[in-house]
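Participant: Predicted model and sequence follow; I will ask about them next.
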Amino acid sequence: MRAVDLHTHSNKSDGSYAPAELVDYAISKGLCAVALTDHDTTDGLAEAVARADALAKAGKPSIEVVPGIEFSTKLDDKDVHIVGLYIAYDAPAFRARLQDFVDSRVGRNIKMCRNLQEAGIDITYEKLKERNPGAVITRAHYATYLFEEGYVKSRQEAFAKYLGDHTKYFVPREKVTPAQAVELILEVGGIPILAHPPLYHMGKERLDRLVSSLKDDGLMGIETLYSTYTGQDERDMRRLAEKYDLLMSGGSDFHGKNKPNLDLGVGFGKLFVPEEYLTKIKERLPQK
């Protein structure tokens, strides 16, 4: 049985691989499909799809690129991520909504840079953009900057001292709700999937209520396989999928060098997402 990876990132958000490089690497790993699901942006999808198409037309080994996105949403005190697969990413209304996300991030980034400047750090939003051309600037980019400039000894220290939610320098940004992300994905013909639920540390009852509520909003899937899951996590997620008749999905959450030792397709070495997952997802796509 062949493998797929339905949760990955490129340098258009906080990964280190260019979209075309990600496609090439996925082929080298023997995957039959890869979903590019950058945070709140679809800027890398055209490049990834074009690379796969060019390889196929040249008679070279190719791969299916699943157009996707990962929305960063907020529910009360929790960050909740919603992945969208097979989205019509060129839809004008959809792109306009994504620009709202970008604008929200810009305002937040400018404020965070000012806070860090007050801590004696030589940083500006312009410098971050120069170092990461075309990328949606996230806290991962800040961490790399602080590490490379010698302000911290590791990216982990950067989050602990300057970038974490509970540091005095952190600036939260306005986020959509999980329900709004589900609705937006459905509007462009995509499959909305709840990403890595165990990472939210909600407790079983609260997570069950969230899944039940999102199912009513149109949620269609849940990640039952993920790089950091324990065996118990996988069993719990499969039970939720069965209880609410949700599609099963999974992926590595590959970020290249920005998540060391976490590899495409296999996570930390044991991940395997079967092609069957993608086949069943395709069966639920709206008929055109």
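Facilitator: Everything's here; your move. The structure presented is a predicted model; accordingly, all values stated were derived computationally and were not measured. Residues are numbered from 1 along each chain as shown.
Participant: mind listing the strands for the stretch 101-250 of the chain?
Facilitator: Listed in chain order, the strands of the stretch 101-250 of the chain (DSSP state E, counting those that start in this stretch) span 191-194, 221-226, 247-251.
Participant: For residue 93, which of the ones you listed is the nearest?
Facilitator: Shortest distance between residue 93 and the strands of the stretch 101-250 of the chain, using C-beta to C-beta, is found for strand 191-194: 16.7 Å. Yep, even glycine has a C-beta here, placed from its N, CA and C like the rest.
Participant: Can you tell me which helices and strands the closest one packs against?
Facilitator: strand 78-85, helix 178-187, helix 204-217, strand 221-226, strand 247-251 (3 or more C-beta pairs under 8 Å, 6 or more residues apart in numbering; DSSP states H and E).
Participant: ok, back up a step: closest to residue 11 out of the strands of the stretch 101-250 of the chain?
Facilitator: Residue 11 lies closest, by C-beta to C-beta, to one member of these: strand 247-251, at 17.6 Å.
Participant: tell me the mean pLDDT for that closest one?
Facilitator: Taken as a whole, strand 247-251 carries a mean pLDDT of 98.
Participant: What helices and strands are in contact with the helix or strand following that strand?
Facilitator: Moving toward the C-terminus from strand 247-251, the next helix or strand (DSSP states H and E) is strand 273-274. Here strand 273-274 touches strand 3-8, strand 247-251, going by 3+ C-beta pairs under 8 Å, 6+ apart.
Participant: related to what we said a few turns ago, now the helices and strands packed on strand 191-194 as CSV including distance to residue 196?
Facilitator: Putting these into CSV (distance: least, C-beta to C-beta, whole Å) gives the following:
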stretch, distance to residue 196
strand 78-85, 7
helix 178-187, 13
helix 204-217, 11
strand 221-226, 5
strand 247-251, 9
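Participant: Residue 35: which of these is closest?
Facilitator: Of all those, it is strand 78-85 that lies closest to residue 35, at 5.7 Å by C-beta to C-beta.
Participant: how big is the angle separating that closest one from strand 3-8?
Facilitator: Here the directions of strand 78-85 and strand 3-8 differ by 130 degrees (axes from the mean of the first three to the mean of the last three C-alpha atoms, to 10 degrees).
Participant: what lines up beside strand 78-85 in the sheet?
Facilitator: strand 64-75 (antiparallel), strand 191-194 (antiparallel) (DSSP bridges).
Participant: re earlier: for the strands of the stretch 101-250 of the chain, could you give me JSON lines that also reports distance to residue 120 and mean neighbour count?
Facilitator: Listed next are these as JSON lines, based on distance: least, C-beta to C-beta, whole Å; neighbours: other C-beta atoms under 10 Å:
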{"stretch": "strand 191-194", "distance to residue 120": "41", "mean neighbour count": "27"}
{"stretch": "strand 221-226", "distance to residue 120": "38", "mean neighbour count": "24"}
{"stretch": "strand 247-251", "distance to residue 120": "39", "mean neighbour count": "26"}
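Participant: a markdown table for those strands, including distance to residue 175?
Facilitator: Compiled in a markdown table, these are given as follows (distance: least, C-beta to C-beta, whole Å):
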| stretch | distance to residue 175 |
| --- | --- |
| strand 191-194 | 16 |
| strand 221-226 | 20 |
| strand 247-251 | 22 |
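Participant: Quick one: residues in contact with stretch 113-121.
Facilitator: The contact list for stretch 113-121 (C-beta atoms under 8 Å, 6 or more residues apart in numbering) reads 123-125, 128, 142, 146, 149, 151, 162, 168-171.
Participant: circling back to that earlier point, to residue 158, which of the helices and strands packed on strand 273-274 lies closest?
Facilitator: strand 3-8 (23.1 Å).
Participant: Which elements pack onto the closest one?
Facilitator: By 3+ C-beta pairs under 8 Å, 6+ apart, strand 3-8 packs against helix 19-28, strand 33-36, strand 64-75, strand 78-85, strand 247-251, strand 273-274, helix 275-283.
Participant: Quick one, which of those gets closest to residue 187.
Facilitator: strand 78-85 (10.1 Å).
Participant: what sits up against that closest one?
Facilitator: With C-beta under 8 Å, 6+ apart as the criterion, strand 78-85 contacts 6-7, 35, 37, 66-74, 175, 178, 181-182, 184-185, 188, 190-196, 200, 202, 210, 221, 223, 249, 281.
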